[in-house]
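[1] Any chance you can model this:
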Amino acid sequence: MPSSQTVDQPDRPDRPDRPDRPDQRPYHHGDLRRAILGAALDVIATDGPSALSLRDLARRAGVSHAAPAHHFKDRTGLLTAIAAEGYELLAAALADAEDLRDAGVRYVRFATEHPAHFQVMFTPELLRGNDLELTTAKALAGERLRSAVSGAPAGRGPDPRLAGVAAWSLAHGFATLLLSHNLDGPVGDQDPEEVFRTLAGMLFQSEPS
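    Sure thing, here's the model as predicted:
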């Protein structure tokens, strides 16, 4: 005869110490947007933005297929939200940069730590360019870059803004080549940030170390 004593139910899906499968994990209100963004970043990092599907992201989050559209409207809205978050992260990374070279190192670090954001941010055809969140975050990141340029030594040509363009081009180009594995040979096991510092020193020799 079965005992009436209450016993543990190890197979219950609501046990907090039991890992859940991604498609069964319950999300409370307020967590869903973050969950969808996280799933989207995983897909982009592995397969690129073209692999994104709102229906697939809903399946990964264990919610109805209409839930992502409630938060982002459509695929473009989701990618725009990712880009806006990326610019916010970039602005935070560039805050309090010591000089132009340090800003470049921080830029490269951001790209390596947030490769999916980095890929989406600079693909404007994927984004809703007039989105307020995106334009605000982009302006803040741009201001942080300009602040680093303003602290650079003078005497680098008739237009000091070109120093900023050159530094940005170097950092962005290096990060892009690094993420696409085109620098695996030259960089090898070296610290990418230290390699970038060396490159920046070669091209901006008047920059204080």
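[2] use CA for all of it now, contacts and neighbours both
    Will do.
[3] in the chain, which spans are helices?
    32-47, 54-61, 67-72, 75-94, 100-113, 115-121, 132-150, 161-179, 184-187, 192-203 (DSSP state H).
[4] So which elements touch the fourth one?
    With contacts defined as 3 or more C-alpha pairs under 8 Å, 6 or more residues apart in numbering; DSSP states H and E, the packing partners of helix 75-94 are helix 32-47, helix 100-113, helix 115-121, helix 132-150.
[5] Check the offset of that helix from the chain's centre.
    From the chain centre to the centre of helix 75-94 is a distance of 7 Å (C-alpha atoms, centre = their mean, to the nearest Å).
[6] what is the rounded mean pLDDT of that helix?
    Helix 75-94 carries an average pLDDT of 97.
[7] what angle separates it from helix 132-150?
    30 degrees (axes from the mean of the first three to the mean of the last three C-alpha atoms, to 10 degrees).
[8] Just the CA trace of helix 75-94, in CSV.
    Extracted in CSV, the C-alpha atoms of helix 75-94 (Å, rounded to 0.1, in the frame of the first residue of the first chain):
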residue,chain,number,x,y,z
ARG,A,75,13.5,40.8,-37.0
THR,A,76,14.8,44.3,-37.8
GLY,A,77,13.6,45.6,-34.4
LEU,A,78,15.5,42.8,-32.7
LEU,A,79,18.7,43.5,-34.5
THR,A,80,18.3,47.2,-33.8
ALA,A,81,18.0,46.5,-30.1
ILE,A,82,21.1,44.4,-30.3
ALA,A,83,23.0,47.2,-32.0
ALA,A,84,21.8,49.8,-29.5
GLU,A,85,22.9,47.6,-26.6
GLY,A,86,26.3,47.2,-28.4
TYR,A,87,26.8,50.9,-28.6
GLU,A,88,25.9,51.3,-25.0
LEU,A,89,28.5,48.6,-24.1
LEU,A,90,31.1,50.3,-26.3
ALA,A,91,30.5,53.7,-24.7
ALA,A,92,31.0,52.1,-21.3
ALA,A,93,34.2,50.4,-22.5
LEU,A,94,35.6,53.7,-23.8
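[9] Phi, psi for residue 191 please.
    Dihedral pair for residue 191: phi -70, psi 120, per degrees, to the nearest 10.
[10] gap between it and residue 148?
    The gap separating residue 191 from residue 148 is 23 Å, by C-alpha to C-alpha, to the nearest Å.
[11] These two: who's more crowded?
    residue 148 (23 against 9; other C-alpha atoms under 10 Å).
[12] mind listing what that one touches?
    Contact analysis of residue 148 by C-alpha atoms under 8 Å, 6 or more residues apart in numbering lists 97-100, 103.
[13] Pretty sure residue 184 sits against residue 177.
    No. Using C-alpha atoms under 8 Å, residue 184 is not in contact with residue 177; the gap is 9.1 Å.
[14] residues touching residue 146, list them.
    The contact partners of residue 146, by C-alpha under 8 Å, 6+ apart, come to residue 164.
[15] No more questions from me, cheers.
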